[in-house]
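Colleague: Below: sequence and its predicted model.
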Amino acid sequence: MRRAFQLVVAAALLGACGGGAGPTDGGESFPDAPLLSLSSRSGGLHLELRSSPQPPVRGKDAVRLTFTDDGGAPVDGLDVAVQPWMPAMGHGSSVVPTVTARGQGEYDLSNLYLAMPGTWELRMTLSGTASDDATPSLQIP
Amino acid sequence: MYPNSLGRARARLSYLSIALALIAVPLAACSGTSDPADAGPAGGPADGGPANAEAFGHCAGADGGFVFQPVSADACHPDAGDAAPPDDDGSDFGATLYGTSGYDDDCKYQVSWTSTPIRQNADVTFTVTVKLAATDQPASGGTANNDTYIEAFLNETHPGDTASAQTTESSAGVYTIGPVRFDAPGVWTVRFHVFGDCEDLSEDSPHGHAAFYVDVP
């Protein structure tokens, strides 16, 4: 009984709000297949982009970036700054996405706020272990 | 003191009571089952600013009058080469306004708004009236592909939920936009974009935007 009590208490405290901790705090789920694959401007980094949901939608999205080098090895230690931008409109989003490094070359963007339909660029400035930039484009229906 | 079986039973009951309480308290705190539409006073335009000066002053001319920017439908999608390159620094938004009316960032439109009751986690619908500042005529026709739309954010890393928001034009220049959900209390910014699908490449592009502070209790 005492062990059962301890388990119930632990479950109650851990699962209080049901949000689920885990690697994707917002409950995002990223598919195995990337939405986009591209190279950085210099060609020295290769980037796979997955979104949640995939494909991305108008409103709030999450994105997982996976950086590898020419040999396919994951690239950690990057400082990734991202500016969502609508090139045709000449303006960006009012919200700045938050970037979290996960290791193994993975970086998660949360609070990616794409408020209107159209073509959005994710203008990425990379520093840290590599200095480069990359600009994947997302089509929001 | 007690027979063993009775003591064990009481101990079980005691453990069970504590466990149930530990489950019930967080569940009650997190359930959020009450209807937010019935909960407490509603919010509205945020207090704290010199509404008229902020909202209209940026369009004041040197002579004390206002200087407005006319717009042209031809500038919505100009031919390549006809327009200057877009701003590239992401800083083309003007100051956020207090109150419920003001000129947009580029002095193209007079924008005023009302809303359904503003409460945390409730669906809020905004009614936005847009007039051409230069002529005082309704700015109509901005509903194709929801191109008159709304952004809502508590701060630059905390957006609201506008994913389901749709825009309809109930009468000339009067746009109904919603639902919008504010998931936290505080002073939010709502930014209305007018003719957002028009390229913002030339000064007379119909593309415009105006932002207002909104208090969410």
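Modeller: On my side now, so go ahead. Numbers count the residues shown, from 1 in each chain, chains lettered A, B, ... in the order given.

Colleague: Any regions of the chain where pLDDT drops low?
Modeller: Went with chain A since none was named. Across chain A, the ranges flagged by pLDDT under 70 are A:1-26.

Colleague: right idea, wrong chain: chain B
Modeller: In chain B the weaker segments, taking pLDDT under 70 as the threshold, are B:1-39, B:49-54, B:80-91, B:145-146.

Colleague: Where do the helices of it begin and end?
Modeller: Under the criterion DSSP state H, chain B contains helices at B:4-30, B:51-57.

Colleague: Please apply the same query to chain A.
Modeller: Here chain A has its helices, by DSSP H, at A:2-14.

Colleague: Tell me how far the most centrally placed residue in chain B lies from chain A.
Modeller: Nearest residue to the geometric centre of chain B (C-alpha atoms, centre = their mean): residue B:190, 2.7 Å. Taking C-beta to the nearest C-beta, to the nearest Å as the measure, residue B:190 falls 10 Å from chain A. Quick note: C-beta positions are derived from backbone N, CA and C, even for glycine.

Colleague: which ones are touching that residue?
Modeller: By C-beta atoms under 8 Å, 6 or more residues apart in numbering or on different chains, the contact list for residue B:190 reads B:113, B:126, B:150, B:151, B:152, B:180, B:211, B:212, B:214.

Colleague: For residue 94, grab the count of nearby residues.
Modeller: The chain I'm using is chain A. Neighbour count for residue A:94, taken as other C-beta atoms under 10 Å in any protein chain shown: 23.

Colleague: Not quite, go with chain B.
Modeller: Residue B:94 has 18 neighbours, counted by other C-beta under 10 Å.

Colleague: Which residue, other than its chain neighbours, is closest to it?
Modeller: residue B:105 (3.3 Å; C-beta to C-beta, 6 or more residues apart in numbering or on different chains).

Colleague: what's that neighbour sitting at in phi/psi?
Modeller: Main-chain torsions, residue B:105, degrees, to the nearest 10: phi -60, psi -30.

Colleague: hang on, the earlier thing: which strand residues sit across from the residue nearest to the centre of chain B in the sheet?
Modeller: Counting by DSSP bridges, residue B:190 is bridged to residue B:152, residue B:212.

Colleague: Strands of the chain, start to end?
Modeller: I went with chain A, as the question did not name one. Listed in chain order, the strands of chain A (DSSP state E) span A:36-39, A:46-52, A:59-68, A:78-86, A:91-92, A:98-103, A:106-114, A:118-128, A:132-134, A:137-140.

Colleague: nope, chain B please
Modeller: Applying DSSP E to chain B gives strands spanning B:44-45, B:101-103, B:109-115, B:123-132, B:149-155, B:158-159, B:166-171, B:174-181, B:186-194, B:208-216.

Colleague: Does stretch A:73-84 reach chain B?
Modeller: Yes - Stretch A:73-84 comes into contact with chain B (C-beta under 8 Å from any C-beta of the partner chain), by way of residue A:83.

Colleague: Off-centre distance for that stretch?
Modeller: Centre-to-centre, stretch A:73-84 and its host chain are 10 Å apart (C-alpha atoms, centre = their mean, to the nearest Å).

Colleague: How about stretch A:68-81?
Modeller: Taking mean C-alpha positions (C-alpha atoms, centre = their mean), stretch A:68-81 and its chain are 14 Å apart.

Colleague: Buried ones in it, by neighbour count?
Modeller: Along stretch A:68-81, these residues count as buried under the neighbour rule (16 or more other C-beta atoms under 10 Å in any protein chain shown): A:75, A:78, A:80.

Colleague: close enough to count as contact, the last one and residue A:126?
Modeller: By that I understand residue A:80. Yes - contact criterion C-beta atoms under 8 Å: residue A:80 and residue A:126 qualify, at 6.0 Å.

Colleague: which residues touch residue B:101?
Modeller: With contact set as C-beta under 8 Å, 6+ apart, residue B:101 has these partners: B:55, B:110, B:111, B:112, B:113.

Colleague: do you know how far residue B:109 is from chain A?
Modeller: 16 Å.

Colleague: What residues does that residue make contact with?
Modeller: Contact partners of residue B:109, counting by C-beta under 8 Å, 6+ apart, are B:103, B:130, B:131, B:132, B:133, B:139, B:194, B:208, B:210.

Colleague: For the fifth one, give me phi and psi.
Modeller: It stands for residue B:133. Dihedral pair for residue B:133: phi -60, psi -40, per degrees, to the nearest 10.

Colleague: nearest spatial neighbour of it, skipping sequence neighbours?
Modeller: Excluding the flanking residues, the one nearest residue B:133 by C-beta to C-beta, 6+ apart is residue B:68, at 4.1 Å.

Colleague: can you count the residues close to that neighbour?
Modeller: As a burial measure, residue B:68 scores 19 neighbours (other C-beta under 10 Å).

Colleague: now swap in residue B:112 and tell me
Modeller: As a burial measure, residue B:112 scores 18 neighbours (other C-beta under 10 Å).

Colleague: separation between it and residue B:178?
Modeller: With distances taken as C-beta to C-beta, to the nearest Å, residue B:112 is found 16 Å from residue B:178.
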